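Q: coordinates only, sequence not included:
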């Protein structure tokens, strides 16, 4: 389960990935921040294309294992209404050693932000809300001649 | 408290550093690994020069804030007898954005391994134990002419 | 004529004021591109977003010359901003 | 002559088979370097480690020409391997 309407549970991910073969754990967490581009934020609503997002998150996990030779990579993203400070995303990487663990975690969150169909709508203290400018998905190229 | 004879408590560090100004959390954890340099490990004993280690850990935290412009950096190291899979060290960084959070966490664990007077004695399935080759501390240069 | 349903995500849902919009086109023209062109006519408020939109059917991204049947829903994926 | 205590850490503790060793030197020679030279004579098993050892008094690293008094304990810090 890569998308969750409930609070993300880091300890559960750590328990699921516990592995004596690994000496290094790297976690990235994204949290709702009070300020963005000069505006005071009060909350963020996250929505997703759930089928494509789930599949893409699984693909990024598998690609991280292959690219970086790490042992575990787990990605989870929160959906729904998040208050300040709440975790929106978790990346958990376990590997033999720390260089590849750091590299894989960084790559996984960067890639998640580029490829996974999730959208944030920020709500402001001054009133109103905005969908943030995002990253266009690389459209599938035509298979036709 | 930077040195602990008890299991390290990541959740406590996350709670202590919770901060609405931060959008990025990076955690590094070191865990006791089953294999090192071809030998099967059963446990590690960590010892420290506690006064100098505490002070050096505090210095690295403060230096991380200044170097990387991050908001929080907490370091904790376990002492005593650790079984396979147990956490030996935790680095918790919170920052506005992820690039500096990743850089600071990586720098903090690298620097901890170079500067903090802690020693590991590995115990092997084949019997016996070894102190691992370490990194010499940069000796203080003479103040005299 | 055949009726197609198009799912709107992110900012498109706000602009179109709907999660799903229905479009009618000739069955013989049933490509993703034809649906987008008809959508732009029926919903001009999303027109200038369509260039940056990716298209999906179920959990597959599809190209604009992909053929589509009325039992398939086209999903419009604007630039993503998760994390 | 004055008695000085030297704390052994890491592999030094194993080699010396003691956490603290006592050394006697002339009070007039009381530098860190003089203590290390006497230690090498009294405990040849640690001799070849001393070049890579850092020295501390309480929570301060000190240079080898640092003066030391018998009420201060010198700590010998071999290469570190935490993390």
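A: Happy to help now that I have it. Computed from a predicted structure; not experimentally measured.

Q: which of the residues in the top helix by length along chain C are buried?
A: Ordering each helix of chain C by length in residues (DSSP state H) puts helix C:32-42 first. For helix C:32-42, burial by neighbour count (16 or more other CB atoms under 10 Å in any protein chain shown) applies to C:32, C:34-36, C:38-39. Bear in mind the C-beta positions are built from the backbone N, C-alpha and C, glycine included.

Q: Right, and chain D sits closest to which residue of chain C?
A: residue C:83 (28.9 Å; CB to the nearest CB).

Q: and that residue, what does it touch?
A: Contact partners of residue C:83, counting by CB atoms under 8 Å, 6 or more residues apart in numbering or on different chains, are A:30, A:77, A:88-89, A:109, A:112-113, A:118.

Q: Out of the residues you listed, which is nearest to residue B:134?
A: residue A:109 (32.5 Å; CB to CB).

Q: OK, contacts around that closest one?
A: Residue A:109 makes contact with A:28, A:30, A:89, A:91, B:98, C:83 under the criterion CB under 8 Å, 6+ apart.

Q: Name the SS class of it, please.
A: Recorded secondary structure, residue A:109: helix (DSSP: H, G, I helix; E, B strand; the rest coil).

Q: Grab the nearest non-local neighbour of residue C:56.
A: Setting aside the residues directly before and after it, residue C:56 is nearest to residue C:75 in space (CB to CB, 6 or more residues apart in numbering or on different chains), at 4.4 Å.

Q: Sheet-wise, list the partners of the helix or strand of chain A with the lowest mean pLDDT with their directions.
A: One helix or strand of chain A scores below all others by mean pLDDT, DSSP states H and E: strand A:35-36, with a mean of 94. As defined by DSSP bridges, the strand partners of strand A:35-36 come to strand A:39-48 (antiparallel).

Q: Identify the residue spatially nearest to whichever residue of chain C sits closest to chain B, adjacent ones excluded.
A: Proximity to chain B, evaluated over chain C using CB to the nearest CB, is greatest for residue C:83 at 8.5 Å. Nearest residue to residue C:83, sequence neighbours excluded (CB to CB, 6+ apart): residue A:113, at 4.1 Å.

Q: So what pairs up with residue C:22 in the strands?
A: Under the criterion DSSP bridges, residue C:22 forms beta bridges with residue C:5.

Q: Determine which two of the contacts of residue C:83 are furthest apart.
A: With CB to CB as the measure, no two of these lie farther apart than A:109 and A:118, at 12.4 Å.

Q: Which residue ranges of the chain form helices?
A: By default, I'm working from chain A. Assigned helices in chain A, in chain order: A:10-17, A:50-68, A:98-115 (criterion: DSSP H).

Q: I was thinking of chain C, sorry if that wasn't clear
A: Along chain C, counting by DSSP H, helices occupy C:11-16, C:32-42.

Q: ok so, going back, now pLDDT too, for the contacts of residue A:109, in TSV please.
A: Converted to TSV, the contacts of residue A:109 look like this (pLDDT from 0 to 100):
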residue	pLDDT
A:28	99
A:30	98
A:89	98
A:91	99
B:98	98
C:83	96
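
Q: Please point out which parts of stretch A:83-97 sit buried.
A: Within stretch A:83-97, the residues that count as buried by 16+ other CB under 10 Å are A:84, A:86-96.

Q: Same check on stretch C:40-57?
A: Within stretch C:40-57, the residues that count as buried by 16+ other CB under 10 Å are C:43, C:46, C:49-50, C:53-57.

Q: And the residue of chain A that's closest to chain D?
A: Counting by CB to the nearest CB, chain A gets nearest chain D through residue A:98, at 8.5 Å.

Q: Report the contact partners of that residue.
A: Counting by CB under 8 Å, 6+ apart, residue A:98 makes contact with A:23-24, A:26, B:28, B:30, B:106, B:109.
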